[in-house]
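Asker: The amino acid sequence is not available; the structure is as follows:
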């Protein structure tokens, strides 16, 4: 080179230097025009302000990005792009929109879909990353080829990255974007992605312009086919999306194809929606305040109640509906009971409700609706009312938050469900994700949400059992509960997913829980008694005395009316009443004779008129009751003794003056015995009680639901005192024989 320069004449050297200088000045000028003075114009196409569009616009507003929206409130003419190729309509709209920019070399045009895109940063970062490509146009890239598989071999081979063009996101200098859109005509229903694919596969244009793909997701992240490539990253107040495959942080996130649910999950965090430091930042956005409104200014609500299967604790369900803190003259009720088992309870509630609520419409099993038909009937009824909200509550839900309705209304979402789950289970009314065939799948954050480790309002894939729908949403998008092959709740959610209506769940409050109905025995008079396993917290609330757990506290002394005889509350009056009624309903009381075929030896030394728990198929449940509620008290009052809580003899005794008024002195075949009062002294009977002979001490008039606990052998020889009037019922167990 040095010899070459020495061989040149001075005029030639001057000419070369002038050319070099001019070239660099132009390049510097171009760089300046495309740097400080460059501007970014974002285009999108949307025909309606869907929930996805609102989310897109929120991200634009957050980062002060201006966007020109094309096609709003116009009929979409681009075909069914969810299922088939199409979208040429977008390019024809964009062609018109670009006219005023097509000659502006210092303008950068960015096109983005809107319903399924989220921006995560502003103009400065976008321009910086785009310029780093040194390209006239950059298209987003993806793993999957669409729509023409035959062009696969025409794509350039790359060392790493997503290989195929995606037309949902692209950016370029205005003249080149205009040329790319208009290089050939396209019909509205032709495919926009194929249009750009053909342009990109034109090697001459690709290299001369140049046109590049964002193979490493520096600017654009298409989620379809890339689920495992991205992870949320929490940095203080910020939540970012990190492409862990290529170690990039993309700016625009696109839920293309079937990845829209994944985008919804990510959208719960991105753009200052939720962070580890501050929690749910987006929960206060768009809220309305109704708590302090006068009752006459509150919106009207229709509560739709459905009893689909035999359901435990139905009385308590209706009590909690009535206890909702919302004026009843602002509530219309729709009640559909599909089970004769609950006919009387539902009828009683309905008759009382007619006196309290604005209106009541009820249907009974004889009306013959399927579940889907009943739910469609409820929607039809709502459309005929002047109501602003539709509140669905299945009988499986026990609402414990009396302000549930107000809390949900104030959140101001199109569809919002309070999170409820089965006790001790991960079974909830919310699905974080779906399998490809539309069934339950667990999202990455499902456990954190249902275990209340992350609190917020979450955009999900599926809700059921209990949810609030805005009246405007329901009228614009009536749900379909009847789709062949789908349960009604799945049909409804699919309807709303396809219409782009977001369904949210709120886990910031303890709203209540779901009842387990799977093993409910309906052959009994009071079937809830048998729910001690399946729905224990509800069983305890209904049947365990409110002062029972106080007996277990270290600083509480259990009452001792006689030496080593303890008296304490254990069950509610409801439990006592139900147990008596179950026994009388069974009706096969023993004759009070020593010969007893129910016993293994056929003989009872100290007989009573009684019915064994085994006879009503309750012994297993009763033994569990002894273990869980009786044994802990025994171990407290008889220190050093560990109870097995096992009993062969568990029975309800009936004392009457004309049957068996007393019981002769005896020891019990037990380590310790419990004797539980089931009805009221001096109201249902007179007399009665237990007398401990050695101590000359009597226990008379034990309150209903209280039990006596005393040693069975050796020291506590005792007798049953005479019942002089009425009928006395007690429950007896000989524990640890």
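Answerer: Nice, thanks for sending it over. Keep in mind the model is a prediction, meaning the values are calculated, not measured. Numbers count the residues shown, from 1 in each chain.

Asker: pretty sure residue 592 is touching residue 659, no?
Answerer: Yes. Counting by C-beta atoms under 8 Å, residue 659 is a contact partner of residue 592 at 7.0 Å. Glycine gets a C-beta too; all of them are placed from N, C-alpha and C.

Asker: dump the residue contacts of residue 382.
Answerer: 302, 304, 334, 390, 471, 474 (C-beta atoms under 8 Å, 6 or more residues apart in numbering).

Asker: what sits against the second one?
Answerer: The contact partners of residue 304, by C-beta under 8 Å, 6+ apart, come to 334, 336, 375, 378, 382, 390-393.

Asker: Show me the common contact partners of residue 592 and residue 659, please.
Answerer: Common neighbours of residue 592 and residue 659 (C-beta under 8 Å, 6+ apart) are residue 609.

Asker: before we move on, the earlier item: pull out the buried residues from the contacts of residue 304.
Answerer: 334, 336, 375, 378, 382, 390-393 (16 or more other C-beta atoms under 10 Å).

Asker: Show me which of those is closest to residue 183.
Answerer: residue 390 (50.3 Å; C-beta to C-beta).

Asker: The nearest residue to that closest one once chain neighbours are set aside - how many residues pack around it?
Answerer: Residue nearest to residue 390 in three dimensions, not counting chain neighbours: residue 469, with 4.5 Å by C-beta to C-beta, 6 or more residues apart in numbering. Neighbours of residue 469 under the rule other C-beta atoms under 10 Å: 28.

Asker: Then the one 4 residues further on?
Answerer: Per other C-beta under 10 Å, the neighbour tally for residue 473 reads 21.

Asker: same thing with residue 728?
Answerer: Residue 728, neighbours per other C-beta under 10 Å, totals 26.

Asker: surely it meets residue 688?
Answerer: Yes. The pair residue 728 / residue 688 is scored as a contact, 4.6 Å apart, by C-beta under 8 Å.

Asker: Now the common contact residues for these two.
Answerer: 655, 681.

Asker: Pick out the residue closest to the middle of this protein.
Answerer: residue 430 (2.7 Å; C-alpha atoms, centre = their mean).

Asker: so residue 204 is in which element?
Answerer: helix 203-208 (DSSP states H and E).

Asker: Same question for residue 361.
Answerer: strand 359-363.

Asker: about what we covered before: the residue nearest to residue 390 in helix, strand or coil?
Answerer: Here residue 469 is strand, with the state taken from DSSP: H, G, I helix; E, B strand; the rest coil.

Asker: Adjust the sequence numbering to begin at 624 for everything that follows.
Answerer: Yep, numbering from 624; the last one is residue 1092 now.

Asker: hmm, back to that, can you put the contacts of residue 927 in a markdown table and add distance to residue 971?
Answerer: Formatted as a markdown table, the contacts of residue 927 follow (distance: C-beta to C-beta, whole Å):
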| residue | distance to residue 971 |
| --- | --- |
| 957 | 17 |
| 959 | 16 |
| 998 | 24 |
| 1001 | 21 |
| 1005 | 25 |
| 1013 | 25 |
| 1014 | 22 |
| 1015 | 22 |
| 1016 | 18 |
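
Asker: Narrow those to those in helices?
Answerer: 998, 1001, 1005 (DSSP state H).

Asker: The last one and residue 1210: what is the separation?
Answerer: Between residue 1005 and residue 1210 the computed distance is 47 Å (C-beta to C-beta, to the nearest Å).

Asker: Likewise for the first one?
Answerer: Residue 998 is 42 Å from residue 1210, where distance means C-beta to C-beta.

Asker: what do you get for the second one?
Answerer: The spacing between residue 1001 and residue 1210, counted by C-beta to C-beta, is 42 Å.

Asker: can you count the residues close to residue 1003?
Answerer: 11.

Asker: And residue 1335, by the same measure?
Answerer: 20.

Asker: Could you check the pLDDT of it?
Answerer: Reported pLDDT at residue 1335 in the predicted model: 94.

Asker: looking at it, it is touching residue 1290, isn't it?
Answerer: Yes. Using C-beta under 8 Å as the test, residue 1335 is close enough to residue 1290 to be in contact (6.5 Å).

Asker: shared neighbours, these two?
Answerer: Joint contacts of residue 1335 and residue 1290 (C-beta under 8 Å, 6+ apart) do not exist.

Asker: got the residue ranges for the strands in the stretch 724-873 of the chain?
Answerer: Ranges of strands in the stretch 724-873 of the chain, per DSSP state E, counting those that start in this stretch, are 730-735, 740-742, 760-765, 787-796, 834-837, 843-845, 853-858, 861-866.

Asker: Partner strands of the fourth one, with direction?
Answerer: When pairing is defined by DSSP bridges, strand 787-796 lines up against strand 730-735 (antiparallel), strand 760-765 (antiparallel).

Asker: would you list these in CSV and tack on mean neighbour count?
Answerer: As requested, those are arranged in CSV below (neighbours: other C-beta atoms under 10 Å):
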stretch, mean neighbour count
strand 730-735, 25
strand 760-765, 26
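
Asker: residues making contact with the strand or helix carrying residue 968?
Answerer: In this assignment (DSSP H and E), residue 968 forms part of helix 966-976. Applying C-beta under 8 Å, 6+ apart, the contact partners of helix 966-976 are 930, 937-938, 941, 944-945, 956, 958, 960, 983, 985, 987-988.
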